[in-house]
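In: here are the coordinates; sequence isn't available:
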Ligand code: NDP
């Protein structure tokens, strides 16, 4: 059996840590040859000491000396900064890249990995939202695979299982509803970052947890599903499903609906993407239906959580709108987490940024510049 070499962008995050758990359990199947992080140098050093990848990158160059003093005798080649990450991706020779950085930082390295001929296991949804046209074109050109890691898209991918697009009537993406699913309009006005970070069903990084509370995460996922599966926006439905057990459903032309059901644990979709087309054994329990009793479904509360509709509208508008939506949201979430703006301001500020979206072709340069402009508006 061949060991698959993996490059990990974002090895110190929530997805990165789940992936390391899989590598730990499957040394005969997966070998991380490149590990990268943003700024958490201690966690990166610990992971590099354990897995001994040949290439290690810290994006924050002020942390490079710490990396060097800890790993200089290890034989690993060490890099820093965005240019260093790009160089490591080119040097590492991995078969697959797990793209798991958070936010807009994921786009350029994901493009680098595709250009280097790697299959992509994609967790960083923001890159497909902002640069979907570029990524999909390159995937075709390089003849590599793009495998979803996002649990909803992994579920849809598994339900679709090679069925032709013409047999698909509708995709259904489920949402837990986030921390504020039972909040009133009045409660949302004073909602705090600490309250928003208390996700009812998933344990994830801070940014995506806030995106779950605003429902921006579902808007990003609708755009992601539209791009991944080439299904019209009108045929993608979002349903709140509090138990987070059904992750996605596909309705077929004969009226049958296929659903993927699993406990909320990201190791499952990560393993599915890493091992594809094989389904690998793992010590994860499935839900006990008799104990559960019931599964519930509700319409999302569009009026209380405007980021859902604002994002889908940006997706439909196309061009640079999805990139501006994603970048403005990212900046707004960072300011909310810092206590600088209110929860409801996230939608207001994002909508304002979208109104200034430039009407330019979707190139990497234009995306990066539109994203920077969108983020800069928050400084005014
Ligand atoms: P985290 O915030 O937990 O982790 C983010 C990772 O990105 C960290 O390793 C961070 O490094 C790294 N990072 C930040 N900036 C850079 C950079 N410039 N270059 C390289 N790495 C960088 O996020 P999550 O793991 O929660 O999410 C990662 C992605 O996966 C997001 O796009 C999210 O939407 C998606 N996703 C996450 C899910 C989850 O369950 N967490 C579920 C589905 C999708 P450091 O910590 O060292 O700064």
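Out: Perfect, I can see it now. What you see is a predicted model, and the numbers here were worked out from it, not measured in a lab.
In: contacts, neighbours, all on C-alpha from now
Out: Noted.
In: So residue 239: helix, strand or coil?
Out: strand (DSSP: H, G, I helix; E, B strand; the rest coil).
In: Am I right that it is in contact with residue 299?
Out: Yes - assessed by CA atoms under 8 Å, residue 239 is found in contact with residue 299 at 5.4 Å.
In: Which secondary structure element is home to the residue nearest to residue 185 when sequence neighbours are not counted?
Out: Excluding the flanking residues, the one nearest residue 185 by CA to CA, 6 or more residues apart in numbering is residue 304, at 6.3 Å. Counting by DSSP states H and E, no helix or strand carries residue 304.
In: between residue 239 and residue 299, which one's more packed in?
Out: residue 239 (18 against 12; other CA atoms under 10 Å).
In: ok, that one - contacts?
Out: Contacts of residue 239 were listed using CA atoms under 8 Å, 6 or more residues apart in numbering, and they are 172-175, 297-300.
In: Quick check: what element follows the helix or strand bottoming out on mean pLDDT in the chain along the chain?
Out: Lowest by mean pLDDT, DSSP states H and E among the helices and strands of the chain is helix 289-292, with a mean of 89. Moving toward the C-terminus from helix 289-292, the next helix or strand (DSSP H and E) is helix 307-317.
In: Mind giving me the packing neighbours of that next one?
Out: The criterion is 3 or more CA pairs under 8 Å, 6 or more residues apart in numbering; DSSP states H and E, and the helices and strands that helix 307-317 contacts are helix 216-229, helix 321-337, helix 343-354.
In: Would you mark the buried spots in the first one?
Out: Of the residues in helix 216-229, those buried by neighbour count under the rule 16 or more other CA atoms under 10 Å are 216-228.
In: and the least confident helix or strand of the chain, what does it pack onto?
Out: Short answer (3+ CA pairs under 8 Å, 6+ apart): helix 289-292 packs on no helix or strand.
In: For the stretch 1-150 of the chain, which segments are assigned as helices?
Out: 14-25, 41-51, 64-71, 81-92, 107-115, 125-142 (DSSP state H, counting those that start in this stretch).
In: buried stuff in the fourth one?
Out: Just to be clear, that refers to helix 81-92. For helix 81-92, the neighbour count (16+ other CA under 10 Å) marks 81-82, 84-90, 92 as buried.
In: quick revisit: which parts of the least confident helix or strand of the chain are buried?
Out: Result for helix 289-292 [16+ other CA under 10 Å]: no buried residues.
In: Next: stretch 182-194.
Out: Result for stretch 182-194 [16+ other CA under 10 Å]: buried residues 188, 192-193.
In: Just send those back as JSON lines, with pLDDT and secondary structure too.
Out: Formatted as JSON lines, the buried residues of stretch 182-194 follow (pLDDT from 0 to 100; DSSP: H, G, I helix; E, B strand; the rest coil):
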{"residue": "188", "pLDDT": "98", "secondary structure": "helix"}
{"residue": "192", "pLDDT": "98", "secondary structure": "coil"}
{"residue": "193", "pLDDT": "98", "secondary structure": "helix"}
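In: mind putting those in JSON lines, distance to the ligand included?
Out: JSON lines is the format used below for the buried residues of stretch 182-194 (distance: CA to the nearest ligand atom, whole Å):
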{"residue": "188", "distance to the ligand": "23"}
{"residue": "192", "distance to the ligand": "19"}
{"residue": "193", "distance to the ligand": "15"}
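In: which bits of the stretch 251-380 of the chain sit near the ligand?
Out: Residues of the stretch 251-380 of the chain that fall close to the ligand, judged by CA under 6 Å from any ligand atom: residue 266.
In: residue of the stretch 251-380 of the chain with the smallest distance to the ligand?
Out: Relative to the ligand, the nearest point of the stretch 251-380 of the chain is residue 266 (5.6 Å; CA to the nearest ligand atom).
In: close enough to count as contact, that residue and residue 17?
Out: No - taking CA under 8 Å as the definition, residue 266 is not a contact partner of residue 17, at 10.1 Å.
In: what residues does the stretch 51-200 of the chain put near the ligand?
Out: Checking the stretch 51-200 of the chain against the ligand by CA under 6 Å from any ligand atom, the hits are 59, 100-103, 105, 123-126, 150.
In: Dump these into TSV; add neighbour count and pLDDT as well.
Out: Output for those, formatted as TSV (neighbours: other CA atoms under 10 Å; pLDDT from 0 to 100):
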residue	neighbour count	pLDDT
59	22	98
100	27	98
101	29	98
102	24	98
103	19	97
105	19	97
123	27	98
124	25	98
125	27	98
126	28	98
150	22	98
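In: Let's see which of those end up in strands.
Out: Cross-referencing these against strands under DSSP state E gives no overlap.
In: Below-threshold pLDDT in this structure: ranges please.
Out: Residue ranges of the chain with pLDDT under 70: 379-380.
In: tell me the residue furthest from the middle of it?
Out: Farthest-out residue of the chain from its mean C-alpha position, per CA atoms, centre = their mean: residue 73, at 34.1 Å.
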